[in-house]
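> Here is my input, please return the structure:
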Amino acid sequence: MLDLTQQEFASRIGIKRNTIANYEAGRNEPIDSVISLICREFNVNEKWLRTGEGEMFAPAPSSALDALAQERGLTHREYIVLEKFLLLRPEVRADLIDCLMDIAAAINSDDIPAGTPAMPKEMTAEELHAELDRQLKAQETAKEKSGAS
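Numbering: from 1, shown residues only. The predicted model follows:
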């Protein structure tokens, strides 16, 4: 449909010409990543490419956000986040960005407010086993004391 040679087609998606020839001859099936490349590069409808059903080409994007989503391969969730963000009033978007910057600064800061619970440190396997042994011994001792009384 696009009047491309196998070499031109292969070059556009970054694979070898003989790989395309093998796909066309039915000797090999394209892997999912190649399917994605074909769909993105040539605006092909993935359902059509896999099953032959539906339209060959995906519909043209109807908005700049649709075009961006298609270009960047956004997930549905990512699309919704951007859409909702862009629908906010400009001053609310600015406030949200300021809030996110404050959060990032607090996370990266060494200045931890008093009363903030300490984050547990990561333990090595040996430290974890030793801690579990300590806790088991403490439980056994507590059991023995309660049984003795």
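
> Can you tell me which residue sits nearest the middle of this structure?
Centroid-nearest residue in the chain: Thr75, 8.1 Å away (criterion: Cα atoms, centre = their mean).

> any idea which helix is longest in this structure?
Identified as the longest helix of the chain according to DSSP state H is helix 125-148.

> Pull the residues that contact that helix.
The contact list for helix 125-148 (Cβ atoms under 8 Å, 6 or more residues apart in numbering) reads Met123. Quick note: C-beta positions are derived from backbone N, CA and C, even for glycine.

> tell me the mean pLDDT over it?
Mean per-residue pLDDT for helix 125-148: 82.

> Could you tell me how far it lies from the centre of the chain?
42 Å (Cα atoms, centre = their mean, to the nearest Å).

> can you give me the helices in the chain?
Counting by DSSP H, the helices of the chain are 6-13, 17-25, 32-42, 46-51, 64-72, 76-87, 90-108, 125-148.

> could those go into a markdown table alongside distance to Ala58?
A markdown table is the format used below for the helices of the chain (distance: least, Cβ to Cβ, whole Å):
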| stretch | distance to Ala58 |
| --- | --- |
| helix 6-13 | 16 |
| helix 17-25 | 20 |
| helix 32-42 | 7 |
| helix 46-51 | 8 |
| helix 64-72 | 8 |
| helix 76-87 | 15 |
| helix 90-108 | 30 |
| helix 125-148 | 50 |
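
> Is it possible to get a markdown table of those that adds distance to Phe57 and mean neighbour count?
Below are the helices of the chain laid out as a markdown table (distance: least, Cβ to Cβ, whole Å; neighbours: other Cβ atoms under 10 Å):
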| stretch | distance to Phe57 | mean neighbour count |
| --- | --- | --- |
| helix 6-13 | 15 | 15 |
| helix 17-25 | 19 | 14 |
| helix 32-42 | 8 | 15 |
| helix 46-51 | 8 | 14 |
| helix 64-72 | 12 | 13 |
| helix 76-87 | 20 | 11 |
| helix 90-108 | 35 | 10 |
| helix 125-148 | 54 | 10 |
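
> Would you map out the domains in this protein?
The chain breaks down into these domains under automatic domain parsing: 1-59, 60-108.

> still on that earlier bit, and the helices of the chain, which one's lowest on average pLDDT?
When the helices of the chain are compared by mean pLDDT, helix 125-148 comes last with a mean of 82.
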